[in-house]
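S.K.: how would this look folded up:
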Amino acid sequence: MMRLFHSCLQVILCCLLSCIPVTGQGINRTNRLNINTGTNQVKPIEPRMPNFGGNSTNNAQKFIRLSNGSSEQDPFASITRTTACGTTYVLEDGHMAMIYSRSDYYSYTCENTFKAAGDSSILIMECPNFRLRFSCYFESLQISTGGKEQEYCGKDEVPRISSREIKVYYKRVLTGFNGGYNCLMIAKGPSAQRVTASTEPRCGVTLNTKASVNEHRIVGGTNAPKMRHPWMVHLKLTVGKYNYEYRCGGNLITNKHILSAAHCFYGYDIRTIDVALGKNDLSVADEQGSVWRRTSTYKVHENYDESLVLHDVAIVTIPESVTYSDFILPICLPPADLKIQGGEESVAVGWGAVSYGGQEALVLQEVNLTVQSNNQCQSDWRKKFVDPLFEIFDSQLCTKNAGKDTCSGDSGGPLLYKVNGSWTLIGITSFGYRCADPDVGGVYTRVSKYINWIKRNIQ
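M.R.: Residues are numbered from 1 along each chain as shown. Reported below is the predicted structural model:
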């Protein structure tokens, strides 16, 4: 179909034109966004470190407690930029520090120690951007926890590290080149990991289950309350050697598995998938209850048809299971015989564009949508494009409401419906024409048709 051609053309043009983003278009509702991932671009502009030029004897050991009101607190986010070396930073619960390399071409070293302030708190270190040059002899990042030291360099992937105390030592011994890294140090207390029931709670039930959703919508919409959709997952996919990035949604179905759309993965040289769980506001890096994972493991349905956007379902597997909390809970899968025929009230959720061709949302959005019968949906699409062969299959379902719809960036996200009092995943956002087009509705993968496939692939 023409919109599928446009989607492919968009990716080709993106490579030719330095990946200038084209948002809000194309058949599939992904949100492809070019991010210049050169390490000089992703770091904040920082002042020159005190020990510029190598080890400095003038930089005495310092002790800084990081909490609200700290003089080093970033005014634009609740992140402290650690601009001083030879320093011990003590982080209180909920506070986050950013450590990163200087963006110059000079040799230097920097060593810092990070400690958790609370008696029952831990530090979590994650490095979303790590690209050093050459071998560890020339440039490296050494991380010490519990008396054990590990050195990383080149294109090593720094794992997620948890400890009460973490020491970090960076060295660059040659001038004339610069690699770079950007890591986050997060202090987590027990409150952020509060479990509501047990390690296997009831699916589809949250603290905000009873709240009304009739006034919430994605296109032109309003914000979803925090913890309303704890199964919602934000996926950032990095592809190819040029590190082109785009975004999709996902649905947590177990503590290690995320259900999404096949078109988010099919045909791309995916290097990494950054998985954000427990998120509501993407502008808050250290949002309470949020957890980050990185993976490259996913399974696309073996019969996915790109031309028909059929069997548009995939599973992402994270290497380390998450602990359920008030912020992170699974969504219920429907029974295989669930009948959704048209007229049912459902809810779609995502961080996609709030209007056709517009900006994507930072705060999670939700929209109340009415399910449309497949026959009516098929008739509308055939009439719109004067195509008597266009077909809506039994493994798909549609929604249609005036001025309401999912949009670019919502792909892979949920279409929800209450079954026996619990929110249930009946659809996966798949494709549509523009956003909230008055003539045709949005199309979703009907999850009940893939229950056996899902069960086979999460064992």
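
S.K.: all contacts plus neighbour counts: C-alpha atoms, from now on.
M.R.: Noted.

S.K.: So which helix or strand of the chain has the lowest pLDDT on average?
M.R.: helix 39-42 (a mean of 28; mean pLDDT, DSSP states H and E).

S.K.: now the chain, which segments are flagged as low pLDDT?
M.R.: 1-79, 177-178, 189-201, 207-221 (pLDDT under 70).

S.K.: where exactly do the helices run in it?
M.R.: Here the chain has its helices, by DSSP state H, at 2-16, 39-42, 374-385, 451-457.

S.K.: can you give me the strands for the stretch 201-350 of the chain?
M.R.: Here the stretch 201-350 of the chain has its strands, by DSSP state E, counting those that start in this stretch, at 232-239, 244-252, 257-260, 270-277, 291-295, 297-300, 314-317, 345-350.

S.K.: Adding distance to residue 184 and mean neighbour count as columns, could you present these in TSV?
M.R.: Shown next, in TSV, are the strands of the stretch 201-350 of the chain (distance: least, C-alpha to C-alpha, whole Å; neighbours: other C-alpha atoms under 10 Å):
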stretch	distance to residue 184	mean neighbour count
strand 232-239	17	24
strand 244-252	20	25
strand 257-260	24	27
strand 270-277	14	20
strand 291-295	11	18
strand 297-300	23	17
strand 314-317	23	24
strand 345-350	25	25
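
S.K.: Present those strands as TSV; the columns should include distance to residue 452.
M.R.: Below are the strands of the stretch 201-350 of the chain laid out as TSV (distance: least, C-alpha to C-alpha, whole Å):
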stretch	distance to residue 452
strand 232-239	22
strand 244-252	17
strand 257-260	13
strand 270-277	25
strand 291-295	24
strand 297-300	14
strand 314-317	13
strand 345-350	23
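
S.K.: Which among the ones you listed is found nearest to residue 103?
M.R.: strand 244-252 (21.6 Å; C-alpha to C-alpha).

S.K.: other SSEs contacting the closest one?
M.R.: Judged by 3 or more C-alpha pairs under 8 Å, 6 or more residues apart in numbering; DSSP states H and E, strand 244-252 is in contact with strand 31-32, strand 232-239, strand 257-260, strand 414-419.

S.K.: which stretch among these comes nearest residue 329?
M.R.: strand 232-239 (8.7 Å).

S.K.: In this structure residue 409 contacts residue 349, no?
M.R.: No - applying C-alpha atoms under 8 Å as the test, residue 409 and residue 349 come out as separate, 10.7 Å apart.

S.K.: coming back round to it: of the strands of the stretch 201-350 of the chain, which approaches residue 451 most closely?
M.R.: strand 257-260 (11.3 Å).

S.K.: now what about that closest one, what contacts it?
M.R.: 233, 249-253, 313-318, 411-413, 428, 458 (C-alpha atoms under 8 Å, 6 or more residues apart in numbering).

S.K.: Please report how far the closest residue to residue 438 other than its chain neighbours lies from residue 368.
M.R.: Excluding the flanking residues, the one nearest residue 438 by C-alpha to C-alpha, 6 or more residues apart in numbering is residue 402, at 6.2 Å. Residue 402 sits 11 Å away from residue 368, taking C-alpha to C-alpha, to the nearest Å as the criterion.

S.K.: What of residue 349?
M.R.: 9 Å.

S.K.: Pull the contacting residues for residue 139.
M.R.: 132-133, 153-154, 170-173, 179.
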